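In: Here you go, sequence then predicted model.
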Amino acid sequence: MDKVKALAQLRQSRVVYERAVERQAAERRVKLHRFLDQHTHASQWATSLAALDDAVRHGVAPSDAALCRAIQQCGQRGQLPSAARVYEDMYRRLGRPRPLAAHVAFMGACADSGNFAAAHRQFRALRDRDVRQHVKNASHRPVVNDDLTTEYLRAALRASVGRPRAPPPPATPQQDGAELRSGGTSSPAPDGADGAKSGDRDGEGAATAPPAETGSPTAPAWQVALEDFVALRQDAAVFRGSNELTPLLLEMAVQLACVGRQWQLCLAILRGADAEQALTPPEAYDAAIRACYGAQRHAEVVRLMERLIATRVPPDERSVRLALTSSEEVSAHERAQQLISSPSAETVTTGGSSSSGGRGGAGRGWAMALTLFSALERNGFPLYQQSYEAPLRACVNAGRWREALDMVETMRRDHRPISAAVYALTLSARIEAATTWSEVRRLMDTSSLAEGHASVVVLYLAALRACMRQRDWKHFAQLNKEMRDREIPETYDKMRLLIEAAYLQEQYHSVLMRFARLENITQYERQRVVQDKLVRLYEEDFDLSPALLDMVLDAYTKVKGTGDAMVEAAYQAALRHKERCSGGAQSLAGRHTAPDAWMYSQAAREARAPPTFH
């Protein structure tokens, strides 16, 4: 009986001892966490780390939240080795599996310290482990989720910002102006992220991230990270479900693509977010606008700004100013691509507002420019001279002369300097909208420009366009002679007008001669720009509208067989331009370069390159 009582007392004392030990450990944990809560600043990382080491050495197990916070402190001070010691050694000493929060905290520490190499190694290790676990257990939930991927992309962004930016992709003649020539409806072929699937619904092909060797030390951080992001989104079996497009993930991915100047990938990510009805933050749109503007894709910039306005997402000031400049470029391209002789280019007067319908009455550049100017003015942002002149020029390009006059009045109200060139530009829009020759002459006589002023040519070109719309060839020839007598320089716009006028008058031989002269001057000027390297080369300055090329090709069918060398030269030049506009996808008869003679012989081809497979 005494033995039973003694055994019961021993058991009771053991329980009392264990409870006392647990109570003491709980008190020490409370004191530890209270101490750590008082040392949460990044500069106190060493104190927090010493407290954690002492607690683990004395058998006190800190919480996962305390360990994750210590990892974040070390990362914010750039002490990544110390963060790795907490992330690896301390969890090993505790004998506790690392939770998802610890992986995210360490990836955030890599991002804060700017060490993308460590983030990349850990990301690949976790991803490979998830793949192996998924093979063993199909219901395995991956550790690589949207939070971890966001921090990984942030690490790549931190490593990429501040270094030399990626060079812009080489532009081919087929790509230059292709976005604007398509009327603003074409989208980039490459389609990253989940846009690889949704891009086909929009009429675009599938795409991948920029090509690079995975894990190559020479590959930039943004390129490697984007490849991993695209691979995750394309892996529907394992990672796609756990990597939803959250606002932070979208922001980091689009900003990373902007750093790499991958404007196509920016648009693809946004399209994928729209397909999944994900919430897209304004920072993602701002980054896409910067990328598209840097690639001179002004139509895409305007389209993105239209989407921001439609969804009531507030853009930043820089995006608004970039879109204001892009609106002017879009209106200028709409004007360049629209022929005066087209049926939609007739002067339309509706509701007291006169405009040229074919020159932008239905365009969107001028409307977006006015909307953005009103937004800047209404929200109290500083307005510069360009902020006034960009919407004014957009209205002039679209033939909205009343809106252009309103902008001049606004500049006068705000005491802005108005140059003679601005006055001439506004007056040219009014002259071009005139319906009679007497009105054209009256408006030209009222201009106060001095003799020989550089802006006089703008008024004469507007008068020539007005005469072309009225089919007043008598006064058209009179104005042309007057320009020659006054020795006014002959611009590219006038050369194009003369080609179109000759076609409308059925002077087909003159069309080809004038086009040959335009082609000769254009190639000379382009070669001079390339060789002198004094100014940047803009391929769109030397582009010709497809409608004008169709005129030249049609004129050749009317006069071919004359034996004139200039006629043949003009025809070959028009074919080259036409093939360049179509991307070279079609074979046109009479190409300027013939294939080599050996290509016509099957035996000769096999002798040069024997077949690999037998």
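Out: In hand now; what should we look at?
In: for stretch 303-317, how far is the first residue from the last?
Out: With CA to CA, to the nearest Å as the measure, stretch 303-317 spans 17 Å from end to end.
In: Quick one: mean pLDDT over it.
Out: Per-residue pLDDT over stretch 303-317 has a mean of 92.
In: Give the buried residues for it.
Out: Going by neighbour count (16 or more other CB atoms under 10 Å), the buried part of stretch 303-317 is 303-306, 308-309, 315. Just so you know, the C-beta spots here come from the backbone N, C-alpha and C atoms, and that holds for glycine as well.
In: Also stretch 470-478?
Out: So stretch 470-478, judged by 16+ other CB under 10 Å, has buried residues 470, 472, 475-476.
In: end to end, how far does stretch 227-241 reach?
Out: Distance across stretch 227-241, first residue to last, is 18 Å (CA to CA).
In: what residue ranges in the stretch 451-600 of the chain score low on pLDDT?
Out: Flagging of the stretch 451-600 of the chain using pLDDT under 70 yields the residue ranges 451-453, 583-600.
In: ranges for the strands of the stretch 351-500 of the chain?
Out: For the stretch 351-500 of the chain, applying DSSP state E, counting those that start in this stretch gives strands covering 353-356.
In: any chance you could map the helices in it?
Out: Counting by DSSP state H, counting those that start in this stretch, the stretch 351-500 of the chain has helices at residues 365-378, 385-397, 401-413, 420-432, 437-446, 456-470, 473-485, 492-504.
In: Could I have the CA atoms of the second one written out in PDB?
Out: C-alpha atoms of helix 385-397 as PDB (Å, rounded to 0.1, in the frame of the first residue of the first chain):
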ATOM      1  CA  GLN A 385       3.400  75.000 -73.000                       C
ATOM      2  CA  GLN A 386       3.300  71.400 -74.400                       C
ATOM      3  CA  SER A 387       0.100  70.700 -72.400                       C
ATOM      4  CA  TYR A 388      -1.700  73.400 -74.400                       C
ATOM      5  CA  GLU A 389      -0.100  72.900 -77.800                       C
ATOM      6  CA  ALA A 390      -0.500  69.100 -77.900                       C
ATOM      7  CA  PRO A 391      -4.300  69.000 -77.900                       C
ATOM      8  CA  LEU A 392      -4.400  72.000 -80.200                       C
ATOM      9  CA  ARG A 393      -2.300  70.200 -82.800                       C
ATOM     10  CA  ALA A 394      -4.400  67.100 -82.300                       C
ATOM     11  CA  CYS A 395      -7.500  69.100 -83.100                       C
ATOM     12  CA  VAL A 396      -5.900  70.600 -86.100                       C
ATOM     13  CA  ASN A 397      -4.900  67.200 -87.400                       C
END
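In: picking up where we left off before, highest mean neighbour count out of the helices of the stretch 351-500 of the chain?
Out: helix 385-397 (a mean of 24; mean count of other CB atoms under 10 Å).
In: Just list what that helix packs against, helices and strands only.
Out: In terms of contacts (3 or more CB pairs under 8 Å, 6 or more residues apart in numbering; DSSP states H and E), helix 385-397 is packed against helix 317-337, helix 365-378, helix 401-413, helix 420-432.
In: Give me the contact list for it.
Out: 321, 324-325, 327-328, 330-332, 334-335, 359-360, 365-366, 369-370, 372-373, 376, 401, 403-404, 407-408, 410-411, 414, 416-417, 422, 425-426, 428-429 (CB atoms under 8 Å, 6 or more residues apart in numbering).
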